[in-house]
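K.L.:
pasting a predicted model and its sequence here:
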Amino acid sequence: MVKPDAGRQALGDGIRKLGPGMAVAFAAVALSLVVHALIPMLPAMTVAVVLGIAAVNLPGTSTLCQGPWRAGLNFAGKHLMRVGIVFLGLKLSLGDIMDLGWFSVALVVTVVLLSFAGTYALGKLFRLAGDLPLLIATGFSICGASAIGAMAAVKGTKHEDTVLPVALVTLCGTLAIGVLPLLMHPLGLSALQFGQWVGAGVHDVGQVVATAQTAGNVALSAAVVIKLTRVVLLAPIVGVAGGVERRRQKGELAAHQSRSDAAPTDTSTAKATRFPPVVPLFVVGFLLLAAIRTTGWLPQSVIEGGALAQDIALGAALFGLGSSVRVRDLLATGLRATAMAMCAWALIAALAFGAVHLMTP
């Protein structure tokens with residue numbers, strides 16, 4: 001039985017350990033939202049990542065990021081990312097997606113699957129190590145940093161190994177905000193087609209909004225609906241990855257037991273082994289909130305509150321992840337991954353462009 005004094009002491013120790021970093025992360029989110037309000041072209045989530053990168057690379061704050069802030073920043077990068085994914089469900093209305101029609105939905109699903117497979121293949125071609133190809137493919141093809149966090153959970157990827165994929169998806173999404181609007185007229189796209197192209201080809205929801213709104217409300221509406229159709233695929237793709245990972249780990253455990261001549265009734269190793277969930281609880285929460293949003297029962301104030309909660313949680317998480325990106329180390333180790341990401345960005349843009357012309361011949 002835990003004494004009350006011991007519980008209070010543990011709580012106090014946790015606050016002292018995590019509090020400074022968490023406070024800085026939330027302050028960065030507030031600043032990011034202000035910057036976005038003043039300059040709508042800059043998504044708040046992108047600003048949060050940039051602030052995190054700046055914090056760990058500037059002489060004045062670098063030591064703090066590596067010292068007293070580190071525990072709280074790591075906590076935000078891992079756990080608040082999951083909270084943000086749950087609240088992302090409130091942005092989904094399956095009715096809006098069905099209004100696209102089955103043919104358009106099938107095209108979007110095809111683009112996501114081809115983007116995922118193509119980006120993963122590029123990662124292998126560029127010889128990226130570990131889970132990098134899978135994480136980059138997930139983030140680029142579905143919904144940016146949120147998808148990376150979900151996939152990392154089922155794969156058991158270390159927190160620090162998610163930093164580079166998040167940095168790359170932020171880089172390419174930010175480039176999209178500046179580059180794609182310049183291509184609208186040279187490519188002969190109408191406002192509707194431009195919105196469809198952005199929704200099918202840009203990674204993060206905030207980046208989609210920032211890019212599409214440059215062409216007006218028609219483009220923005222089309223982009224958001226198609227983008228959210230891609231977000232729906234987060235759960236099945238993560239579920240498949242979780243199932244494959246469980247099977248792989250069970251196979252390794254069986255092989256280990258066979259090599260060590262373990263008795264069939266010896267379950268000590270199996271009991272000590274924790275397999276990753278097929279679908280993490282936070283992804284289940286994401287689906288549950290999406291289903292509730294689809295019913296139409298929720299008042300607009302609740303939906304808007306959920307959107308704000310998602311921005312705060314995801315922004316704090318992205319600041320925490322950004323604060324792990326040391327530019328010197330990134331230049332030394334991430335050039336090959338950056339080149340691969342640029343190729344993947346071009347591939348996905350081309351696939352989305354082709355899908356747009358099939359949607360609106």
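P.N.:
Received it, and whenever you're ready, just let me know what you need.
K.L.:
give the rounded mean pLDDT of stretch 347-356.
P.N.:
Mean per-residue pLDDT for stretch 347-356: 95.
K.L.:
one more: stretch 101-112?
P.N.:
92.
K.L.:
which SSE is immediately downstream of the helix or strand of the chain with the lowest mean pLDDT?
P.N.:
Using mean pLDDT, DSSP states H and E, the weakest-scoring helix or strand in the chain turns out to be helix 268-272, at a mean of 46. Using DSSP states H and E, the helix or strand that follows helix 268-272 towards the C-terminus is helix 281-295.
K.L.:
now that following helix: buried residues?
P.N.:
282-283, 285-287, 289-290, 292-294 (16 or more other CB atoms under 10 Å). Where you see a C-beta, it was placed from the backbone N, CA and C, and this is true even at glycine.
K.L.:
after that helix, heading C-terminal, what element do we hit next?
P.N.:
helix 300-322.
K.L.:
can I get that following helix in PDB, CA atoms only?
P.N.:
Only the C-alpha atoms of helix 300-322 are listed here, as PDB (Å, rounded to 0.1, in the frame of the first residue of the first chain):
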ATOM      1  CA  GLN A 300     -20.200  23.500 -32.800                       C
ATOM      2  CA  SER A 301     -18.600  24.900 -29.600                       C
ATOM      3  CA  VAL A 302     -17.500  21.400 -28.600                       C
ATOM      4  CA  ILE A 303     -16.000  20.800 -32.100                       C
ATOM      5  CA  GLU A 304     -14.100  24.100 -32.000                       C
ATOM      6  CA  GLY A 305     -12.900  23.300 -28.500                       C
ATOM      7  CA  GLY A 306     -11.600  20.000 -29.600                       C
ATOM      8  CA  ALA A 307      -9.800  21.600 -32.500                       C
ATOM      9  CA  LEU A 308      -8.100  24.000 -30.100                       C
ATOM     10  CA  ALA A 309      -7.200  21.100 -27.800                       C
ATOM     11  CA  GLN A 310      -5.700  19.300 -30.800                       C
ATOM     12  CA  ASP A 311      -3.700  22.400 -31.800                       C
ATOM     13  CA  ILE A 312      -2.300  22.800 -28.300                       C
ATOM     14  CA  ALA A 313      -1.400  19.200 -27.700                       C
ATOM     15  CA  LEU A 314       0.100  18.600 -31.200                       C
ATOM     16  CA  GLY A 315       1.900  22.000 -31.200                       C
ATOM     17  CA  ALA A 316       3.500  21.200 -27.800                       C
ATOM     18  CA  ALA A 317       4.500  17.800 -29.100                       C
ATOM     19  CA  LEU A 318       6.000  19.200 -32.300                       C
ATOM     20  CA  PHE A 319       7.900  21.800 -30.300                       C
ATOM     21  CA  GLY A 320       9.300  19.000 -28.200                       C
ATOM     22  CA  LEU A 321      10.300  17.000 -31.200                       C
ATOM     23  CA  GLY A 322      11.800  20.100 -32.900                       C
END
